[in-house]
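> this is the structure alone, sequence omitted:
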């Protein structure tokens, strides 16, 4: 009965084991990192073998292939974060445990079927990230942590109050019961509005996005990489789950609002990314824009859109991991800021790094034969199937702006000049190779991955 | 089907092997290996053509699917290939002319340090172009389309040490991508409506689909946007002249013979769709004729030999679009074929001249070169006669077919523009010829050191010269050969070659002769200098391509940059992005406490404003 | 017989607390006070949960209140540590000083 939760149980045991290892081993030992990696890999292996659909505790825990996909994505982000941070001297012995804990939070958001678990997952994801964001021993680190903390506490407060109103409106905490009970519609509408604020904040949707660039810039790069992928997976998964399970009958009503927000986010994110000089800030704004793309799928409130949103997380995640890996290599141990100018001449100094970066930029820009193209293609289809032409046009406009955004760093890379260069480690090399090959594989032959992902978002009641 | 895969595989193999082993290969080997692979692809294309010819005329198509690409969201999309008579013409030209240019490059790039990279990228281009042509559905076509854009970008920026080359490469890429986006949208629209993107499925569905003129018009216009960008039609022609920053063989292969004609291929391929959106065809023809005239006027005033040829390419592409726009598909393909011969020849001969003059491209420093380079001069003359439409040479036949059909289908104005442009073409092409090869040497030092190119470079020039002279006699054969392509689906009523009235031919040829005489008088008898005419207003404007670059910069590039900067300012100073919705709430917050520069609090305020707006929406709309 | 406090009154109080907390976060400049105000919003939500739990005669709302208190405690642990650290760097507590990154 419980065995569909086994990946999460393995991951939870892994957190504890890693904590113990961190206590016992010397502070310069890589043992905790190995623990984190092995347990995450074990959980990933277990998750990829599961084929189940079960509900526990009256729909509070939803163990279906959707939650498995979320678990897999999250574990990929956790493992990538660990590999990028493979330096106990620098990041400390507690790093792996904290990162795994945050990952566990995102997984809980994936299988949450009621408000209690949703809240728990959200906080489990957020609390370790506050610590990790502040873990750089510089003023920027403190600033990132403090900003994230204040904004996070504020938005969680709003989410909680929304949850309370929903509970008051329906007398139930479980998502599926929201559809059946229509006691106090006004109260429910207000509750849903507040609840969405909390989730959209985590997903970084305009106008709840303002923390993203500062926090990414101030955090250590592996943490920023995890936040860019893992946090968005958790938030998007929970958002889709709440809306699809709890509010499928009023889909057109919330779909329209989210459509506006998606267009605003895509265009604003890509536009502001355009003049950025710092590469991490550029990626942060690109993350904002891409959150808008994910929201397009959710806003389509149909089967195609839900599947496309879930699928798009993977191409986006792989590409952004790839880009952050390049930042990690170039910034070196001193974590000196990586600007566009430091990319100058990279293609001739470190061609393999440049190839990885090129793949990331092409995929983010949505050029065919990369995974990003496939993802955007299905998002547009979802929007058109929902008759949301404005959203589809907005997506195309944003993509055009995005071309310019991603073209600038590539151009710098081929321009002659002396920029930064850095040394590969085994960890960064593995992440670079895996993410680049994955991006190209999905771009050239998406069928197997696409099939697995879309089977798991069969929320057929959205038609 | 197997043959098609191998045609594609050979150049891809070349690109991969050369790209991987470029540092360990002995230097001459790279070029030989690349040329041999393209020769192999050419022979296989010939075999494929023969196999196609064995099939009964009504079933002259080789098609199949390599594997299912995706079937996630609805009907499956295959990795499909498709060879019909028209595609086989294109494969033969790409691999045939491509092979000659590869051979030529062995000589032209002999001194270059990075020749292995050059040949790797050239082979990549051949592969991409073949993929575009052999695609069995529009998605595979789009992939080839994007890949040729990429390899063109790489090759224009081949000498990345020059800032001008990098800038030109970027310009080409941006303009091309603009077109790609248009095509992508069109594909999504078609897929959403018909659930298929394969030629057979799509054209079959078009034959009995409900009439929806607006839909077809939009789709056709979006696809034409892609063709426009790739084939340098006004106003998206601005990248082609700058693309001459690439090595000359690249200009010959990509920016004259093959890639820029991809738009013609696309429009001809989609004739069943065009038949459902008749207005679009007219628009294509009008823009094509306008482009032909426009580019010809610009070409008259160019000083740089390659830029003059580049504008001439734009002008000739205008003719091809004029042909496909009015439905004269075979004439369009015919002109593509002839143009591939003579324009590749012009570029290769110009390349030999540039090579002989140590990189000099200004015609002001040339002159009298026929004594030093007889073979090159003879080849250039043959091509010049062909492009000017002198009877007996290849260009005459194809251009007359286009102009004649323009008259026959009732477009006298398009005919008039085309005929006038033909005269202009003869004028500016003979201007180039006279300035380069005849007259007195204007730079004695360069002239002394000039020499005929080595045989690897003159060989391809001679072969292409022969083709440029006799190519016109392929016309009838081409007509029969292409008939199955254009009768397979409904929609191409007047595809076949037709002859126009005799008086029209006489007028066009007469204008061409007048043009030649004018060039002779101005540039040989009166020995006018290269930049004469560009000091005063109309000439100065024409030399600057009538200000089209400046117009783009002012209307698009600068506002976009300004908008981006403005939005950053907005982000710094908060509110702007929410101005419309949030102003009222902001004023309220303003009164509560004047906002200072503390950023976190502004972020928090942003969240609050967003929540209030969301809540208001939800409560109002419930 | 003891009459329970009506749920509406409880929720009204919770909403008032929530609004006070939100305004506090928005207008104060001291991160410590801002953080306290945010915690007040959480507690307002907890109170609303308890009020509704009484109305629906269910335990779930009260359970949620406990969870909120526990999570808030954990968050305070992290938050205070962070604020103290920033104070050590800057030697004053003004959130407007923490604005090196922008744009």
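Alright, I've got the coordinates. Everything numeric in this text was worked out from a predicted model, so none of it was measured.

> number of residues surrounding whichever residue of chain C sits closest to chain B?
Relative to chain B, the nearest point of chain C is residue C:96 (3.1 Å; C-beta to the nearest C-beta). C-beta coordinates here come from the backbone N, C-alpha and C atoms, glycine included. Close neighbours of residue C:96, defined as other C-beta atoms under 10 Å in any protein chain shown, add up to 13.

> now residue A:41
That count, for residue A:41 with other C-beta under 10 Å as the rule, works out to 15.

> roughly how far apart are it and chain C?
Residue A:41 is 28 Å from chain C, where distance means C-beta to the nearest C-beta, to the nearest Å.

> excluding chain neighbours, what is closest to that residue?
Distances taken as C-beta to C-beta, 6 or more residues apart in numbering or on different chains place residue A:79 nearest to residue A:41, at 6.8 Å, with adjacent residues excluded.

> before we move on, which element is residue 428 in?
All of this refers to chain A. For residue A:428, the enclosing helix or strand under DSSP states H and E is helix A:426-444.

> oops, wrong one, chain B.
helix B:412-437.

> mean confidence for the helix or strand following that helix?
Once helix B:412-437 ends, the next helix or strand along the chain (criterion: DSSP H and E) is helix B:444-449. Helix B:444-449 shows a mean pLDDT of 78.

> can you name every helix or strand that helix B:444-449 contacts?
On a contact count with 3 or more C-beta pairs under 8 Å, 6 or more residues apart in numbering or on different chains; DSSP states H and E, helix B:444-449 meets no helix or strand.

> and that helix, which residues are buried?
For helix B:444-449, a neighbour-count test (16 or more other C-beta atoms under 10 Å in any protein chain shown) marks B:446, B:447 as buried.

> likewise for stretch A:105-120?
Buried residues in stretch A:105-120, counted by 16+ other C-beta under 10 Å: A:105-120.

> kindly report the same for stretch B:382-402.
For stretch B:382-402, by 16+ other C-beta under 10 Å, it's B:382-390, B:393-402.

> now do the host helix or strand of residue B:100: which elements does it pack against?
Per DSSP H and E, residue B:100 falls inside helix B:85-108. Helix B:85-108 is packed against helix B:27-54, helix B:115-134, helix B:248-252, helix B:262-269, helix B:329-356, helix B:455-470, helix B:475-487, with contacts defined by 3+ C-beta pairs under 8 Å, 6+ apart.

> residues in contact with the last one?
Defining contact as C-beta atoms under 8 Å, 6 or more residues apart in numbering or on different chains, one finds that helix B:475-487 is touched by B:57-58, B:60-61, B:84-86, B:89, B:271, B:329-330, B:333-334, B:337, B:397-398, B:401, B:492, B:495-497.

> what does stretch B:504-515 contact?
Here stretch B:504-515 makes contact (C-beta under 8 Å, 6+ apart) with B:388-391, B:396, B:399-400, B:403-404, B:407, B:415, B:418-420, B:422-427, B:430.

> count of neighbours near the residue in chain C that chain A sits nearest to?
Relative to chain A, the nearest point of chain C is residue C:41 (3.1 Å; C-beta to the nearest C-beta). Neighbour count of residue C:41, defined by other C-beta under 10 Å: 27.

> phi, psi of it?
When read as degrees, to the nearest 10, the backbone of residue C:41 gives phi -60, psi -40.

> need the pLDDT of residue 78.
The chain I'm using is chain A. pLDDT recorded at residue A:78 is 96.

> my bad, chain C
93.

> next helix or strand past the helix ranked longest in chain A?
In chain A, taking DSSP state H as the definition, the longest helix is helix A:139-170. Next helix or strand after helix A:139-170 toward the C-terminus (DSSP H and E): helix A:175-180.

> and that next one, what does it pack against?
Judged by 3+ C-beta pairs under 8 Å, 6+ apart, helix A:175-180 is in contact with helix A:139-170.

> so for the helix it packs on, what's the average pLDDT?
91.

> picking that back up, buried sites along the helix holding residue B:428?
Neighbour counts over helix B:412-437 (16+ other C-beta under 10 Å) mark B:414-437 as buried.

> can you check stretch B:306-318 too?
Neighbour-count burial for stretch B:306-318, counted by 16+ other C-beta under 10 Å, picks out B:306-318.

> write out the residues of the stretch 51-200 of chain A neighbouring chain C.
A:115-116, A:119-120, A:123, A:127, A:130-131, A:134, A:139-140, A:142-147, A:149-150, A:153-154, A:156-158, A:160-161, A:163-165, A:167-168, A:171-173 (C-beta under 8 Å from any C-beta of the partner chain).

> which of those are buried? Put it as a PyMOL command.
Buried subset of these, written as a PyMOL selection, criterion 16+ other C-beta under 10 Å:
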select buried, chain A and resi 115+116+119+120+123+127+130+131+134+140+142+143+144+145+146+147+149+150+153+154+156+157+158+160+161+163+164+165+167+168+171+172+173
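
> near chain B, list only the ones from the residues of the stretch 51-200 of chain A next to chain C.
Applying C-beta under 8 Å from any C-beta, the subset of these adjacent to chain B comprises A:146, A:147, A:150, A:154, A:158.
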